[in-house]
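> Predicted model and sequence below, questions to follow.
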Amino acid sequence: MVARRNRAEERLARRRAARMKWLVAVAVALAVVVLAGGGWWLLVGRDTGSGGSQAGDHPRQQTLLVQVVGADRTALASALLGVQPDSREAVSTLVPSRLIVEVAGSGSVPFGETSALPGAGASAAALTDLLGVRVDGSWTLSTKGLAALVDRLGGVDAAVDVDVVTKDAAGRETIVARAGQQHLGGAAAAAYATYSTPGEPEQARLARFNVVLDAVLRGLPADSAQVHTALGALGTESRSTGREAGDLPAVLAAVHAAAAADGFAPDVLPVTEIDTGAAEQAYGIDALQASTLVRTRFAGALQGDGTGGGVRVLVQNGVGTPGLVDKARTRLVDAGLRFVNGGNAAQFGRTTTVVLIPDGSDESLQRGKRVAKTLGVPAGAVEISNQGQTVAEVIVILGRDFKP
C-alpha cells in the first residue's frame with residue numbers, strides 16, 4: 001500500500017513538474033492578483049454593489065462536493081450539489097478537472113489535483129474561494145467505490161454516447177460499454193462516468209459523469225438509514241469530510257428525493273479556454289457568467305459580510321512560516337469573509353501584520369477592523385493604502401503577531 005501511494009505521488013510530482021511552465025502562464029492569464037510597481041490590484045470577481053443576494057435572504061442551502069478519483073487520487077469528475085432542507089429541489093454544477101484554481105500554500109493548481117493535496121478539505125476550500133459559495137463538505141468515491149455502489153443499486157440505465165474502450169497493462173483494448181441505451185453494471189458505469197476520447201473537451205466527460213451521477217442519485221434508497229448502510233458497505237472506497245460529513249446520508253436522501261421528483265437540475269460551471277500550448281486544455285473561470293450562476297443556483301449558500309457585499313480579503317505571508325496563509329484563510333472563511341490567496345510577500349521577516357484598505361470611508365474602516373479582529377491582530381493594524389493604486393477591498397500582509 002505504501003509503495004503504491006509512493007508511486008502515485010511520484011507520478012503526480014512528475015506531472016506537476018511538467019506543467020510548471022504553463023501553470024505560470026495560466027496564473028497570469030487568470031489575472032486574479034497582480035503585483036505591479038509595489039501596488040496591489042484585484043482584477044476579477046469584485047462585488048461592486050451592496051444589493052446582491054445574501055445567505056440570510058434565503059433558506060440555508062446544504063452543499064456537497066461529489067468527486068470520483070483515480071488511482072493517483074486526482075479527481076476525474078466533480079459536481080457541486082445544493083439542496084434546500086425539506087425541499088424536492090436540488091441543483092448540480094459540474095466542475096472541470098482542468099479548471100485552474102488558487103490553493104493556499106500551493107498556488108495555481110488544476111482543480112482535479114486538489115483532491116491529492118495534503119488535507120482532506122483542499123478541493124472544497126478551493127471551490128469555496130473561487131465561487132464565494134460555502135461548500136459544507138465533500139464526498140469522494142474511488143472508481144472502484146463508484147462501481148461497487150452502482151452494483152449495490154442493481155446497475156443504472158444510461159444512454160451511452162460512445163463506445164467505452166479500456167486498455168490493460170499489455171495495451172490490449174476492450175470495449176466495456178457500447179454506444180446506445182442500455183443497463184450498465186458497476187464497472188461499465190464507472191468507466192463511462194470517467195471516460196473521454198482523445199482530443200475532446202472535458203465537458204464531454206462531465207456530461208457522461210452527470211448521466212451516471214443522476215442515475216445513482218435516483219437509485220439510492222429514500223431512507224437515510226438505508227443510504228448510510230449502502231455507503232458503509234463501500235469501506236475505504238468512499239469517504240466524506242467537512243461540516244456535512246456526519247449528515248451525508250441525509251443530504252443524499254434529500255437529493256434523491258429531488259431527483260426522483262425530477263427536481264434535480266444540472267449545469268456546467270462557465271469557464272473559458274486558456275491557450276497555454278500544453279497538450280491538455282486548461283480553463284479559467286468565466287467570472288461574469290459564474291457570478292450569475294451561483295447567485296441563482298446557490299443563493300442560500302453564498303458567503304457574505306452581513307452588509308450585502310462579498311468582501312474579499314487577499315492574504316500574503318510576510319513571515320515565511322509554512323501554512324500561515326492557510327491558517328488565516330480558515331479564520332476568515334469561518335467569519336463569512338471571502339479569501340483570496342496572495343502567496344508569499346516580496347520580503348519575509350515582518351513583525352506586525354498590516355491590513356490595507358483603499359480609503360478612509362466608514363465602510364472601508366469597518367471592513368478593515370472586522371478583518372483585523374477576525375485575525376486577532378490590533379485594530380491599529382488597519383492602514384489606508386498609500387501605494388497610489390486601486391485596491392479592491394482588503395489586503396492583509398501577515399506578520400509575526402498573527403498567532404494561528
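Nice, thanks for sending it over.

> gap between the two ends of stretch 380-398?
End-to-end distance of stretch 380-398 (Cα to Cα, to the nearest Å): 14 Å.

> now swap in stretch 62-82 and tell me
Across stretch 62-82, the terminal residues are separated by 6 Å (Cα to Cα).

> in the stretch 101-250 of the chain, which ranges drop under the pLDDT threshold?
243-246 (pLDDT under 70).

> those helices in it, which residues are they?
Remark: helices assigned in the stretch 101-250 of the chain by DSSP state H, counting those that start in this stretch are 122-131, 143-152, 186-193, 202-219, 224-232, 248-260.

> After the last one, which helix or strand is next?
On the C-terminal side of helix 248-260, the closest following helix or strand by DSSP states H and E is strand 264-268.

> Could you list every helix and strand in contact with the next helix or strand after that following strand?
Elements were assigned by DSSP H and E; along the chain past strand 264-268, the next helix or strand is strand 271-274. With contacts defined as 3 or more Cβ pairs under 8 Å, 6 or more residues apart in numbering; DSSP states H and E, the packing partners of strand 271-274 are helix 2-30, strand 282-285. Backbone N, C-alpha and C define where each C-beta goes, glycine included.

> In the sheet, which strands lie alongside strand 271-274, parallel or antiparallel?
The strands that strand 271-274 pairs with in its sheet are strand 282-285 (antiparallel) (by DSSP bridges).

> Return the strand it pairs with as PDB; C-alpha atoms alone will do.
Output for strand 282-285, consisting of C-alpha atoms alone and laid out as PDB, is shown next (Å, rounded to 0.1, in the frame of the first residue of the first chain):
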ATOM      1  CA  ALA A 282      -6.700  24.400 -19.400                       C
ATOM      2  CA  TYR A 283      -9.600  26.500 -18.200                       C
ATOM      3  CA  GLY A 284     -10.200  29.700 -16.300                       C
ATOM      4  CA  ILE A 285     -13.400  30.800 -14.600                       C
END
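
> Check which element follows it along the chain.
Sequence-wise, the next helix or strand downstream of strand 282-285 (DSSP H and E) is helix 287-297.

> re the thing from before, least reliable of the helices and strands packed on strand 271-274 going by mean pLDDT?
Per-segment mean pLDDT for these reaches its minimum on helix 2-30, at a mean of 45.

> Pull the contacting residues for A328.
With contacts taken as Cβ atoms under 8 Å, 6 or more residues apart in numbering, A328 has the following neighbours: 315, 339, 375, 396, 398, 402, 404.

> looking at this, it is in a helix?
Yes. Counting by DSSP: H, G, I helix; E, B strand; the rest coil, A328 is part of a helix.

> Once you drop chain neighbours, what's closest to the spatially most central residue of the chain?
For the chain, the residue nearest the mean C-alpha position is L127 (2.5 Å; Cα atoms, centre = their mean). In space, L127 comes closest to V135 once its chain neighbours are excluded; the distance is 5.3 Å by Cβ to Cβ, 6 or more residues apart in numbering.

> returning to that earlier point: which among the helices of the stretch 101-250 of the chain is found nearest to R297?
Closest to R297 of the helices of the stretch 101-250 of the chain is helix 122-131 (Cβ to Cβ; 10.3 Å).

> quick one: that closest one to chain centroid distance?
Averaging C-alpha coordinates over helix 122-131 and over its chain gives two centres that are 4 Å apart (Cα atoms, centre = their mean, to the nearest Å).

> What helices and strands are in contact with that helix?
Packed next to helix 122-131, using 3+ Cβ pairs under 8 Å, 6+ apart, are strand 62-69, strand 75-83, strand 100-103, strand 137-142, helix 324-334, strand 338-344.

> In contact with G119: list those residues for me.
Contact partners of G119, counting by Cβ under 8 Å, 6+ apart, are A125.

> and what of G82?
Remark: with contacts taken as Cβ under 8 Å, 6+ apart, G82 is in contact with 61-64, 90-93, 297-298, 300-301.

> who does it bridge with?
Going by DSSP bridges, G82 is paired in beta bridges with T63, V91.

> before we move on, the earlier item: quick one: the contacts of G82 as a markdown table, columns for distance to A177, neighbour count and pLDDT too.
As requested, the contacts of G82 are arranged in a markdown table below (distance: Cβ to Cβ, whole Å; neighbours: other Cβ atoms under 10 Å; pLDDT from 0 to 100):
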| residue | distance to A177 | neighbour count | pLDDT |
| --- | --- | --- | --- |
| Q61 | 35 | 23 | 90 |
| Q62 | 33 | 22 | 91 |
| T63 | 31 | 27 | 94 |
| L64 | 27 | 27 | 95 |
| A90 | 27 | 25 | 92 |
| V91 | 28 | 23 | 94 |
| S92 | 23 | 24 | 95 |
| T93 | 26 | 25 | 96 |
| R297 | 31 | 18 | 93 |
| F298 | 33 | 23 | 94 |
| G300 | 37 | 22 | 90 |
| A301 | 35 | 23 | 91 |
